[in-house]
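> got a sequence here, can you build the structure:
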Amino acid sequence: MSKMNKFWFSLSMGLLIYPNLWALESEDLLGLATKAPAAAYKGTRIIINWFGQESQAAEARVYFKPPNLWRQEILSPQGEITRVVVQNKEAEWIWEAESKTLIKRPSGGANGLDNAKLLDLTKRSYRIVSKGSDDVMGKNTAIIELDPKHPGSPKRTVWVDPASGAVFKIKQTNSDGSLATEVHFTDIEIPADLSDSLFEPPQAKEGQVLMEEPRPAVANAQGLPEAFCDVPWLAELPNGFELAKTALMPLGDEEALHFQYNDGLSSLSFFVSPKLIQAGPGSHQIVLTQYEDPGFITSTSAGSVLEWEQADKHFLLIGDLSQPALREIMKFIRNRS
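A predicted model of the protein is given here:
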């Protein structure tokens with residue numbers, strides 16, 4: 001199929017689903033951008049994280065086949081594959097070339113929420129504004145601006161192709177207006193003829209495979225272990241964050257409690273532990289492979305970090321927010337502990 005025929009095929013698919021394609025409201029466009037595209041595609045994109053002298057950029061090859069086959073290959077500056085992520089509805093495999101390790105873990109997403117719930121949270125926490133259109137790689141994309149209603153939350157701008165539902169570009173800025181992250185395709189082919197074999201798990205030798213078992217979920221305050229019975233069960237936090245899931249995670253010979261919140265676009269993690277949890281030297285940085293999703297709207301970046309000790313327990317708060325906003329959330333938690 002020629003490039004011109006592929007373009008008209010993609011456009012006709014969009015017109016079939018959305019007859020009045022360019023009259024879509026901003027919320028409709030956002031809903032389109034948060035769903036997996038209806039057509040298979042392949043392309044190359046750049047992932048950039050700005051953080052002063054520690055700013056980073058990575059190039060990735062991306063493959064997607066409806067409804068849920070996904071592959072991303074992170075490349076070194078020399079063009080060698082350093083990391084491979086393969087997903088389907090059942091599992092996720094991550095191959096780390098440097099350590100020659102294949103990690104397998106259950107699928108289900110990092111957020112613990114379905115697209116409908118994430119979209120609802122986004123509408124509550126962000127003003128969704130259509131900003132017209134822009135030519136990206138020869139396609140007329142619609143621009144959506146997601147302006148936070150809460151101070152300290154990042155702002156996002158999304159470029160989505162209404163004909164296919166593919167997100168071509170996303171830019172995130174901090175609350176002070178400085179650039180935080182940009183992800184954009186440098187080339188993309190829609191539709192693409194992709195074999196299912198491309199989405200098979202990477203091959204690894206015996207001893208190179210690590211199985212990440214599901215962490216025990218905690219459904220409610222009554223399900224908290226005795227060691228954490230005095231920890232407040234907070235269904236909501238400031239800045240529009242709602243509890244998505246709670247789980248126990250191993251911490252040496254003990255366990256830590258992990259509350260994960262979401263405002264529709266960003267994740268916020270709250271850890272409670274009997275001993276200190278090390279956030280790590282790169283905890284402030286956005287994970288270069290955070291957008292491991294066909295839509296890559298929701299960010300799982302680390303962001304800012306706050307630690308404190310209270311009542312013989314250690315607390316760690318990590319969120320894609322400004323430090324003042326994170327401190328307000330810390331005060332909210334401490335006042336209820």
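
> in space, what's closest to residue 80 - neighbours in sequence excluded?
Distances taken as CB to CB, 6 or more residues apart in numbering place residue 97 nearest to residue 80, at 7.5 Å, with adjacent residues excluded. The way it works is simple: take the backbone N, C-alpha and C, and place the C-beta from them, glycine included.

> got a list of what that neighbour touches?
Neighbour list for residue 97: 80-84 [criterion: CB atoms under 8 Å, 6 or more residues apart in numbering].

> possible to save the residues you listed as a markdown table with distance to residue 125?
Putting these into a markdown table (distance: CB to CB, whole Å) gives the following:
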| residue | distance to residue 125 |
| --- | --- |
| 80 | 40 |
| 81 | 36 |
| 82 | 34 |
| 83 | 31 |
| 84 | 33 |
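
> pull out the buried members of those residues.
Neighbour-count burial (16 or more other CB atoms under 10 Å) is assigned, among these, to 82-84.

> quick one: pLDDT of residue 134?
You'll see residue 134 listed with a pLDDT of 93.

> in what helix or strand does residue 315 lie?
Taking DSSP states H and E as the definition, one finds residue 315 inside strand 313-319.

> wasn't residue 332 part of a helix?
Yes: under DSSP: H, G, I helix; E, B strand; the rest coil, residue 332 falls within a helix.

> ok, it - how many residues close by?
A count of neighbours around residue 332, defined by other CB atoms under 10 Å, yields 16.

> isn't it up against residue 239?
No: taking contacts as CB atoms under 8 Å, residue 332 lies outside contact range of residue 239: 9.6 Å.

> please report phi then psi for residue 117.
Main-chain dihedrals, residue 117, degrees, to the nearest 10: phi -70, psi -40.

> distance of it relative to residue 251?
Separation of residue 117 from residue 251 (CB to CB, to the nearest Å): 29 Å.

> please apply the same query to residue 66.
Distance, residue 66 to residue 251, by CB to CB: 39 Å.

> more neighbours: which of those two?
Neighbours were counted for residue 66 and for residue 251 using other CB under 10 Å; residue 251 has more, 17 against 13.

> who are the neighbours in contact with the more buried one?
Contact analysis of residue 251 by CB under 8 Å, 6+ apart lists 273-275, 277.

> partner residues bridging it?
Note on residue 251: beta-bridge partners by DSSP bridges are residue 254.

> state the distance from it to residue 276.
10 Å.

> what secondary structure does the nearest residue to residue 43 once chain neighbours are set aside sit in?
Distances taken as CB to CB, 6+ apart put residue 188 closest to residue 43, at 3.3 Å, once the chain neighbours are dropped. At residue 188 the chain is in strand, as set by three-state DSSP.

> residue 257 and residue 245 touch, don't they?
No: contact status for residue 257 versus residue 245: not in contact, 11.7 Å apart, counting by CB under 8 Å.

> who has more neighbours, those two?
It is residue 257, of residue 257 and residue 245, that has more neighbours when counted by other CB under 10 Å, with 21 against 18.

> just give the closest residue to that one, not the sequence neighbours.
residue 272 (4.4 Å).

> kindly report the same for residue 85.
Closest to residue 85 by CB to CB, 6+ apart is residue 72, at 4.7 Å.

> over to residue 96?
By the measure of CB to CB, 6+ apart, the closest residue to residue 96 outside its immediate chain neighbours is residue 83, 5.9 Å from it.

> just say helix, strand or coil for that neighbour.
Under three-state DSSP, residue 83 comes out as strand.

> what of residue 327?
With three-state DSSP as the criterion, residue 327 reads helix.

> which ones are touching the nearest residue to it once chain neighbours are set aside?
Using CB to CB, 6+ apart and skipping the chain neighbours, the partner closest in space to residue 327 is residue 306 (6.7 Å). Shown in contact with residue 306 (CB under 8 Å, 6+ apart): 316-317, 323, 326-327, 330.

> residue 306 belongs to a helix?
No: counting by three-state DSSP, residue 306 is not found in a helix; it is strand.

> what about the closest residue to residue 323 other than its chain neighbours, neighbour count?
Using CB to CB, 6+ apart and skipping residues adjacent in sequence, the residue nearest residue 323 is residue 304, 5.2 Å away. Residues lying near residue 304 (other CB under 10 Å) number 18.

> for residue 304, give me the pLDDT.
At residue 304, the predicted lDDT confidence score is 80.

> and it, how far is that from residue 84?
From residue 304 over to residue 84 the distance is 30 Å, taken as CB to CB.

> do the same with residue 141
Residue 141 is 28 Å from residue 84, where distance means CB to CB.

> ok, so what distance separates residue 234 from residue 326?
Residue 234 sits 15 Å away from residue 326, going by CB to CB.

> same list, the contacts of residue 306, but as JSON lines with distance to residue 48 and neighbour count please.
Output for the contacts of residue 306, formatted as JSON lines (distance: CB to CB, whole Å; neighbours: other CB atoms under 10 Å):
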{"residue": "316", "distance to residue 48": "27", "neighbour count": "20"}
{"residue": "317", "distance to residue 48": "26", "neighbour count": "23"}
{"residue": "323", "distance to residue 48": "22", "neighbour count": "13"}
{"residue": "326", "distance to residue 48": "23", "neighbour count": "22"}
{"residue": "327", "distance to residue 48": "28", "neighbour count": "15"}
{"residue": "330", "distance to residue 48": "29", "neighbour count": "18"}
